[in-house]
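Student: Need a 3D model of the following:
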Amino acid sequence: MARKGGRPSGLTEEPEAPTRPCEHPGCPNPGEFRAPRDRNHLNQYRWFCLDHVREYNRAWDYYKGMGPTEIEQHLRADSGWQRPTWPLGRLGGFNPFESEYLRDPLGILRDTPLHQARARKARAPRPDEPPPELRAALDVLDLAWPLDSATLRARYKELAKRFHPDANGGDRQAEERLKDINRAYSLLRQRLPARTRAQAAEDQPAAG
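Tutor: I've put the predicted structure just below:
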């Protein structure tokens with residue numbers, strides 16, 4: 001039987017569906033109950049009578065043929081509903097606990113070792129290290145830092161074309177992925193140097 005979390009149920013009856021024969025070899029009963037065809041086609045079904053759909057579901061193993069690493073990757077992806085995740089406030093936000101956003105007239109917080117280390121890091125940023133607030137967006141687009149507008153624009157066009165709903169038969173997951181791509185692209189475009197923002201602005205996020 002399919003796993004929890006939005007997976008199709010194996011005991012779903014459709015009374016108004018046209019009569020289908022049970023797909024179990026030699027069974028004369030109608031196939032009134034559906035079960036997922038395999039883990040790569042969870043929205044495609046096989047149809048069985050009640051006895052044989054129960055038999056089919058008892059033998060169902062979503063992870064059959066997977067190794068431990070692949071199983072772990074699937075579990076991690078399912079924990080975020082198959083969507084990229086990042087800490088709250090990392091993509092398009094700010095850290096409300098940074099010293100400049102706190103009222104600290106005596107400078108107590110700015111004198112702590114943590115804030116001193118942050119200040120030193122802010123004064124001498126590494127050119128090949130992206131700002132913390134852009135790392136999640138770079139991960140979504142699978143881009144490296146530093147970034148120029150031509151690379152950003154080319155990568156965005158590639159992903160927007162790949163995950164556009166029209167190219168995926170209206171697939172909901174592709175539509176949600178495109179929304180993440182649009183948000184990441186907009187954030188990165190805003191943070192590009194002024195001389196390249198005008199170039200990147202030529203391409204607006206695709207509808208999704």
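Student: May I ask which helix or strand of the protein has the lowest mean pLDDT?
Tutor: One helix or strand of the chain scores below all others by mean pLDDT, DSSP states H and E: helix 194-200, with a mean of 50.
Student: as a whole number, average confidence for the one helix or strand H74 maps to?
Tutor: Assessed by DSSP states H and E, H74 sits inside helix 68-79. Averaged across helix 68-79, pLDDT comes to 77.
Student: do stretch 28-41 as well
Tutor: Across stretch 28-41, pLDDT averages out at 90.
Student: Likewise for stretch 164-179?
Tutor: If you average the pLDDT over stretch 164-179, you get 83.
Student: do the same with stretch 134-151
Tutor: Averaged over stretch 134-151, pLDDT sits at 88.
Student: Pull out the buried positions in stretch 132-142.
Tutor: 133-141 (16 or more other C-beta atoms under 10 Å). C-betas here are computed from N, CA, C, even on glycine.
Student: And for stretch 174-182?
Tutor: By 16+ other C-beta under 10 Å, the buried positions in stretch 174-182 come out as 174, 176-178, 180-182.
Student: remind me, longest helix of this protein?
Tutor: Among the segments of the chain that qualify as a helix by DSSP state H, the longest is helix 172-191.
Student: Against which helices or strands is it packed?
Tutor: The criterion is 3 or more C-beta pairs under 8 Å, 6 or more residues apart in numbering; DSSP states H and E, and the helices and strands that helix 172-191 contacts are helix 135-141, helix 149-163, helix 194-200.
Student: Serialize those to a markdown table and add fields for distance to G169.
Tutor: Shown next, in a markdown table, are those (distance: least, C-beta to C-beta, whole Å):
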| stretch | distance to G169 |
| --- | --- |
| helix 135-141 | 23 |
| helix 149-163 | 12 |
| helix 194-200 | 30 |
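Student: what's the most buried one of these?
Tutor: For those, the largest average neighbour count (mean count of other C-beta atoms under 10 Å) is found in helix 135-141, namely a mean of 20.
Student: Which elements pack onto that one?
Tutor: Using 3+ C-beta pairs under 8 Å, 6+ apart, helix 135-141 sits against helix 149-163, helix 172-191.
Student: For the nearest residue to L50 once chain neighbours are set aside, give me phi and psi.
Tutor: In space, and not counting its chain neighbours, L50 is closest to F33: 6.0 Å by C-beta to C-beta, 6 or more residues apart in numbering. Main-chain dihedrals, F33, degrees, to the nearest 10: phi -120, psi 140.
Student: Dig out what F33 forms beta bridges with.
Tutor: E13, F48 (DSSP bridges).
Student: Which residue ranges make up the domains of the chain?
Tutor: Recorded structural domains for the chain (assignment: automatic domain parsing) are 12-79, 99-200.
Student: what's around the nearest residue to T151 once chain neighbours are set aside, how many residues?
Tutor: Spatial nearest neighbour of T151, excluding adjacent residues (C-beta to C-beta, 6+ apart): L143 at 6.8 Å. For L143, the neighbour count with other C-beta atoms under 10 Å is 18.
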